[in-house]
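J.: would you be able to build a 3D model of this:
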Amino acid sequence: MIGEMTAILYPVAANAEQAMAAPLGRAAREREALGVAEEAVVFTTDPTGPAFATRDAAVAAYGGLLDEPWRKLTEQILPGQKIAQAAPTYEDGRRWPAAPASPPRTAWRLMVSYWRIATAERPIEAPQARTARRGRQPLDPETLRAMARQPLRPVEPQQPLDIGLFEVRPPDAPHILMPDE
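T.: Numbers count the residues shown, from 1 in each chain. As a prediction, the model looks like this:
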C-alpha cells in the first residue's frame with residue numbers, strides 16, 4: 001500500500017509574528033490562502049523572535065514549536081561583519097587559502113514559512129534580478145532577499161520545438177526525433 005501524501009498547511013497572516021500567534025487560517029495552496037485572506041497573498045519565509053548564540057539554546061527556548069514543518073531553526077551570520085570572499089591561490093599544491101582564524105559570528109533564528117498578506121509596506125512582487133541588474137541602481141538587502149526568494153519566471157512563453165528539414169519522428173515512437181539523411 002502506498003502511503004498517503006499530506007500537504008503542509010501554512011498559516012495565512014500579515015507577518016511572521018502573527019503567523020506564530022494568531023493566523024487568520026491555514027492553507028496549502030495559494031488559491032486556498034486567497035480564500036482565507038480575501039486579498040492578494042505571497043508565500044514567504046521570515047525570521048521571528050530573538051537570536052540565540054547556540055542551537056541548543058534555541059531548541060530549549062522553542063521546544064515543541066519546532067514540531068511543525070513550517071517552522072525551522074537556521075544559523076545566520078550576524079550583520080555588520082566584514083567577510084571577504086576567498087580567492088583561489090593555487091600555491092603549494094593547495095587551491096584555496098587557509099581558513100580564517102576566527103569564523104564569522106553567527107546566531108540561530110526561528111524561520112517561519114507562511115502565506116503573507118500583501119500590504120503597502122511589503123509589495124507582493126520584487127523586480128526580477130535581470131531587470132534590476134540592468135537598472136544599475138543600488139538595491140537594499142531586503143529587496144535582494146525578496147528577489148532571491150521568488151520563483152524564476154520566463155521572459156517570454158516557451159515556443160514549440162522546431163523539427164528541421166532533416167529530422168523525422170518514427171511512427172512507432174513519436175516522442176523521439178531522429179536525423180534523416
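
J.: hey, which helix or strand in the protein has the poorest pLDDT?
T.: Using mean pLDDT, DSSP states H and E, helix 129-135 stands out as the lowest-scoring helix or strand of the chain, at a mean of 68.

J.: and Ser113, helix, strand or coil?
T.: Following DSSP: H, G, I helix; E, B strand; the rest coil, Ser113 is assigned to strand.

J.: quick check: it vs Met20, distance?
T.: Distance from Ser113 to Met20, counting by C-beta to C-beta, to the nearest Å: 11 Å. All C-beta atoms are positioned from the backbone trio N, CA, C, and that covers glycine.

J.: and the helices in the chain?
T.: 16-21, 30-37, 55-62, 129-135, 141-149 (DSSP state H).

J.: which strands and helices sit next to the first one?
T.: Okay, so that is helix 16-21. strand 10-13, strand 41-52, strand 106-117 (3 or more C-beta pairs under 8 Å, 6 or more residues apart in numbering; DSSP states H and E).

J.: of those, which stretch is the most buried?
T.: Mean neighbour count, computed with mean count of other C-beta atoms under 10 Å, is highest for strand 10-13 among the helices and strands packed on helix 16-21, reaching a mean of 25.
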